[in-house]
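Novice: Predicted model and sequence follow; I will ask about them next.
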Amino acid sequence: MIFKNINFKKEEITNIEDLILILRDIKESLIKENQHYKNENGSFDGIFFRGQSGTWDLLPGLFREGEYIKNEIRLYEEILMNNPDKFKDSLTTFEKITIMQHYGLPTRLLDWTTNALVALFFAVNKDDDEDAEYFLLDAKSLNENASVGPKSDKNLFADINIKIRLECVLNQKSLYDILFDPYYNFVNGLENKTKNMLEETQKLKTPIAAYSKKTNERLKLQSGAFTIHGSEIEIEKESIKPKPYSYYNLKNTEFVKIFKIKKENKKSIKEELTNIGISNSSLFHELEYQCRGLIEKIYSPK
């Protein structure tokens, strides 16, 4: 685990400089341990970032409301049926799910980014009266420790009827087919697990981290990445019951490091980010956000 051996000089972010110090701590630790720390575009290899304007759990939208998960099949069926122009046959299953996520449908995806400053922006973007949180995810270690089991394992993703219907809705591909799609790039780590092993499993028991193909402008601008969350269930005497949602929460795992951002520092951090070109208008090219960014620029109190 990357973060376990790092003595961070900062546990709270009060400005951009604090974040730079945190990133420097990571870099120095990885160099000291002779670990590769940069990918081809210069960002940290295998580390994802996420900012939240509040202190809620690290759960995908599908798990945040009890009724969403119960109606997962219906959500997918209706959005695909009613919007065929948005979901071409040439798109992979994972690409279709990222489009659903983009337009606000609750999915099994949790948004992350490979850009540390973008994550900081999302932590401070809302001018509310609530402390924010900033997360680092050791995505590589998460995948190296991905929990998958054989078909004989009693902990299944879902009952067989739901599994079959999901495959029919999503181009007859299982989640593991999605993960090994040629357009799907794994964070290093899960590559060491063979496809044959995965084909013998039912579904994900623990989240897996992944980069996505940048299918829309927003994903490109925000350096989008995701964790994909399964739904392990327990089988007891012919009955099936889901694990509590807290089971899928990444927040208190060894793969995540959390930094606090106090509510009184949000505004000044946001102003710092705006000064270096990180704002609503730079991260969202939709007209709605361009207008919002313009209003903030002209009318925000100095």
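Specialist: Cool, got the structure.

Novice: Surely Y76 and I99 touch.
Specialist: No: applying C-beta atoms under 8 Å, one finds Y76 not in contact with I99, separated by 11.5 Å. Where C-beta positions appear, they are placed from N, C-alpha and C, glycine not excepted.

Novice: now the strands for the stretch 1-150 of the chain?
Specialist: 47-52, 109-113, 132-138 (DSSP state E, counting those that start in this stretch).

Novice: can I get these in a markdown table with distance to G61 and mean neighbour count?
Specialist: A markdown table is the format used below for the strands of the stretch 1-150 of the chain (distance: least, C-beta to C-beta, whole Å; neighbours: other C-beta atoms under 10 Å):
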| stretch | distance to G61 | mean neighbour count |
| --- | --- | --- |
| strand 47-52 | 13 | 25 |
| strand 109-113 | 8 | 24 |
| strand 132-138 | 17 | 24 |
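
Novice: Now mean pLDDT too, for those, in JSON lines please.
Specialist: Shown next, in JSON lines, are the strands of the stretch 1-150 of the chain (pLDDT from 0 to 100):
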{"stretch": "strand 47-52", "mean pLDDT": "94"}
{"stretch": "strand 109-113", "mean pLDDT": "92"}
{"stretch": "strand 132-138", "mean pLDDT": "96"}
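
Novice: shaky segments in this protein?
Specialist: For the chain, the stretches with pLDDT under 70 are 34-43, 66, 89-90, 93, 147-205, 212-222, 231-247, 284-302.

Novice: Go through it and flag its longest helix.
Specialist: The helix that spans the most residues within the chain, counting by DSSP state H, is helix 16-32.

Novice: nearest spatial neighbour of L250, skipping sequence neighbours?
Specialist: L58 (4.1 Å; C-beta to C-beta, 6 or more residues apart in numbering).

Novice: residues contacting the one you found?
Specialist: 50, 110, 135, 249-251, 256 (C-beta atoms under 8 Å, 6 or more residues apart in numbering).

Novice: give me every residue that touches the closest residue to T107 other than its chain neighbours.
Specialist: Among residues not flanking T107 along the chain, Q101 sits closest, at 4.8 Å (C-beta to C-beta, 6+ apart). Residues in contact with Q101 (C-beta under 8 Å, 6+ apart) are 61, 107, 109, 111, 226.
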